[in-house]
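Asks: Sequence first, then the predicted structure:
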Amino acid sequence: MYERMLDKSQRPSKEEIKKEIGKIHAEYMDLFESFLNDNYDLITELKFPFGNKYGWSYKYSHKNKHSCYLFFEGKAFTICIQIGKNELNKINDIFETFLPRTKEVWKNRYPCGDGGWMYYRILKKEELDDVIKLITTKKKPINQIQEKLLT
């Protein structure tokens, strides 16, 4: 379970990705991408970053500012977000609104500088909502429709 798409020689299609992550996670990914498309000048790239253990992913960016990676897994996906020192105060301001699992992921992030890298396997819709909150600490949404998606 949760195996990643590790064959670098086989560039997966959108259909293969959705089949791998499963129906419910494909819906979550569509929701996430809709939020990003509606609120940012989104660039989506299919990548095989960080070496053979990480596998295929989508890299999402706003113009040239990196937002996150979404790694495809069997019946799930993991979002990797880099948090810098510019986001720390914003995260502290909203920290108490996060789910207990999000707080745990934050506590166990991979340290790097003042922030770090968060790897968050999305298993429930509510967790995706917290990831959206984290993304908005990196770059304020163009549109103020965030609250619609979060409810």
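Replies: Sure, I can see it. Numbers count the residues shown, from 1 in each chain.
Asks: So which residues of the chain form helices?
Replies: Ranges of helices in the chain, per DSSP state H, are 14-21, 23-39, 85-94, 100-107, 125-138, 146-150.
Asks: Out of those, which one sits most buried?
Replies: Among the helices of the chain, ranked by average contacts under mean count of other C-beta atoms under 10 Å, first place goes to helix 125-138 (a mean of 19). Where you see a C-beta, it was placed from the backbone N, CA and C, and this is true even at glycine.
Asks: Poorly predicted segments of the protein, please.
Replies: Counting by pLDDT under 70, the chain shows low-confidence ranges at 144-151.
Asks: residue furthest from the geometric center of it?
Replies: Ranked by distance from the centre of the chain (C-alpha atoms, centre = their mean), the top residue is Ser9, with 24.0 Å.
Asks: Does Asp69 touch Tyr58 like I think?
Replies: To be clear, residue 69 is Tyr; Asp isn't right here. Yes. Here Tyr69 reaches Tyr58: they are 6.9 Å apart, a contact under C-beta atoms under 8 Å.
Asks: what do those two both touch?
Replies: Lys47 (C-beta atoms under 8 Å, 6 or more residues apart in numbering).
Asks: Identify the residues contacting the spatially most central residue of the chain.
Replies: The C-alpha lying nearest the average C-alpha coordinate of the chain belongs to Ile79 (C-alpha atoms, centre = their mean; 3.3 Å). Ile79 is in contact with 32, 68-71, 118-120, 122, 131, counting by C-beta under 8 Å, 6+ apart.
Asks: List only those of those residues flagged as buried.
Replies: Neighbour-count burial (16 or more other C-beta atoms under 10 Å) is assigned, among these, to 32, 68-71, 118, 120, 122, 131.
Asks: okay if I get those residues as a markdown table plus distance to Ile17?
Replies: Shown next, in a markdown table, are those (distance: C-beta to C-beta, whole Å):
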| residue | distance to Ile17 |
| --- | --- |
| Phe32 | 13 |
| Cys68 | 16 |
| Tyr69 | 13 |
| Leu70 | 10 |
| Phe71 | 11 |
| Met118 | 22 |
| Tyr120 | 18 |
| Ile122 | 14 |
| Val131 | 18 |
